[in-house]
Structure formats: C-alpha cells, structure tokens
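S.K.: need a 3D model of the following:
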Amino acid sequence: QSLPGEPLYGLKLAAEQVRVMLTVDPQAELDLSLILAEERLDEISALMEQDQVPAPVTVVRLEEYLMAVLEAALQVEDPEIAGSLQRLETSLQQRVRTTTRTMEGLAGQEQAQVRELVRVMERVRLEALAGQEDPAGLRLRLRHGVPPEPEVLPGASRTPGASPQPQQGGARATDRPESS
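M.R.: Residues are numbered from 1 along each chain as shown. All right, here's what the predicted structure looks like:
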C-alpha cells in the first residue's frame, strides 16, 4: 500500500505492470486497468488526506492509467464496455467533486497542481460518459488521435466537452498562421 514518493512505490508499479502484461483476455485487461486506475485515484486521495498535493508526475501517471482504461475498452465488445465506463465515470465524478472542494483551501502553485488534476479527471470522465452512449465514437477518437477535449478558442464556450465554434469563413482561430 505504498504511496507515490515512498521507497517501495516503484516496486509496486513494476509488479502491476507484470500483471498487465500477463493479462491476455480483453475483458480481464479492461477490469484490471480499471482496478489500477482506481488504485492511482485512491493514492492521490490518501496523499491529499495527509495534506500533500500530488506531484505533477503523479498526475501524469494517473492520466496514463485512466487512458489505459479507455484504450482497454477498445478491445471489448460494445455491450460489455458500458458497465466499466460507467464505473469509471461515476468514480471520477465523485473524485472531481471531492478534489474541487479540497482545491478551495489551496493557493498558488498547489492550487494550480490540483486544478490540473481536476482537469485530467474531468476530461477522462467526459470521455467515459460519451463512450457509454457511443462506443464506436470512443474507438474512433482514440484510434485516430482525435483530442478528447476541444481547444478552447476565444469566444468559444468554456463548458467541458463543448465544441469550439468555427470562426468567420469556417476556419478556426488555430488554423491561421500566428502573427509575429
């Protein structure tokens, strides 16, 4: 039960990776990926309960594990992934609420680190939610590298999951060369 930054944590992660590599059944891989992602979430919760803000590397690791759940879902038949994605979405929704409340008492760099953690969890939560309704769309986005969240453009909605609005003439602001 070691936490990030503790001496045996690397060994714990290595043992988990061996388990992942030895798992060949797609549904078992999805289940294991979900368990490991929830373990990373539990570790972050434990750190925050000890008044420690997770280091950026811990947030990046969490994102990798959360994305592994979505990627494992690509290998499973559509009717079977909905339950796993719902479990992930529900867990992340709860964690986002709890973490957001914790963030209110922080300032400066610590608040920015926790804000990034919330952004990561919310982005993957929205993908899991969308994947429940449209597994084929989730597969398409992940296989073709379509970003799971739109770029926030000037004047565009800042609501998570909202699509950027095309600029005049149908071109997005990011399609134009930058001026020096």
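S.K.: switch to C-alpha atoms for all contacts and neighbour counts from now on
M.R.: OK.
S.K.: so what's Thr102 up against?
M.R.: With contact set as C-alpha atoms under 8 Å, 6 or more residues apart in numbering, Thr102 has no partners.
S.K.: could I get the phi/psi values of it?
M.R.: phi -70, psi -40 (degrees, to the nearest 10).
S.K.: so where's this protein shaky on pLDDT?
M.R.: Within the chain, the ranges that satisfy pLDDT under 70 run 146-180.
S.K.: and the nearest residue to Gly137 once chain neighbours are set aside, how many neighbours?
M.R.: Closest residue to Gly137 apart from its sequence neighbours, by C-alpha to C-alpha, 6 or more residues apart in numbering: Gly131 at 6.9 Å. Gly131: 24 surrounding residues under other C-alpha atoms under 10 Å.
S.K.: buried set for the helix or strand hosting Gly131?
M.R.: Per DSSP states H and E: Gly131 is located in helix 108-133. Within helix 108-133, the residues scored as buried using 16 or more other C-alpha atoms under 10 Å are 110-111, 113-115, 117-118, 120-132.
S.K.: likewise stretch 68-81?
M.R.: Buried positions in stretch 68-81, judged by neighbour count with 16+ other C-alpha under 10 Å: Ala68, Val69, Leu70, Glu71, Ala72, Ala73, Leu74, Val76, Asp78, Ile81.
S.K.: mind listing what Glu29 touches?
M.R.: Glu29 touches Val20, Thr23, Ala72, counting by C-alpha under 8 Å, 6+ apart.
S.K.: no, scratch that, I was asking about Ser84
M.R.: The contact partners of Ser84, by C-alpha under 8 Å, 6+ apart, come to Leu30, Asp31, Leu34.
S.K.: could you double-check that the residue nearest to Gly137 sits in contact with Leu85?
M.R.: Yes. The criterion here is C-alpha atoms under 8 Å, and Gly131 meets it with Leu85 at 7.0 Å.
S.K.: residues touching Ile44, list them.
M.R.: Neighbouring residues of Ile44 by C-alpha under 8 Å, 6+ apart: Pro54, Thr58.
S.K.: how about the most centrally placed residue in the chain: what's its closest non-neighbour residue?
M.R.: Closest residue to the average C-alpha location of the chain: Val124 at 3.6 Å, with C-alpha atoms, centre = their mean. Distance criterion C-alpha to C-alpha, 6+ apart; nearest residue to Val124, sequence neighbours excluded, is Leu66 at 6.9 Å.
S.K.: and the contacts of the strand or helix carrying the one you found?
M.R.: Element membership of Leu66 [criterion: DSSP H and E] is helix 56-73. Contacts to helix 56-73, defined as C-alpha under 8 Å, 6+ apart, come from residues 4, 26, 29-30, 33-34, 36-37, 40-41, 44, 81, 85, 113, 116-117, 120-121, 124, 128, 142.
S.K.: return the alpha-carbon coordinates of it using PDB.
M.R.: Coordinates of each C-alpha in helix 56-73 appear next as PDB, following Å, rounded to 0.1, in the frame of the first residue of the first chain:
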ATOM      1  CA  PRO A  56       2.900  16.700 -11.400                       C
ATOM      2  CA  VAL A  57       4.500  13.300 -12.200                       C
ATOM      3  CA  THR A  58       1.700  11.600 -10.100                       C
ATOM      4  CA  VAL A  59      -0.900  13.400 -12.100                       C
ATOM      5  CA  VAL A  60       0.700  12.400 -15.300                       C
ATOM      6  CA  ARG A  61       0.800   8.800 -14.100                       C
ATOM      7  CA  LEU A  62      -2.900   9.000 -13.200                       C
ATOM      8  CA  GLU A  63      -3.700  10.200 -16.700                       C
ATOM      9  CA  GLU A  64      -1.800   7.300 -18.200                       C
ATOM     10  CA  TYR A  65      -3.700   4.800 -16.100                       C
ATOM     11  CA  LEU A  66      -7.000   6.500 -16.900                       C
ATOM     12  CA  MET A  67      -6.300   6.400 -20.600                       C
ATOM     13  CA  ALA A  68      -5.300   2.800 -20.300                       C
ATOM     14  CA  VAL A  69      -8.800   2.000 -19.200                       C
ATOM     15  CA  LEU A  70     -10.200   3.800 -22.300                       C
ATOM     16  CA  GLU A  71      -7.800   2.000 -24.500                       C
ATOM     17  CA  ALA A  72      -8.500  -1.400 -23.000                       C
ATOM     18  CA  ALA A  73     -12.200  -0.600 -23.700                       C
END
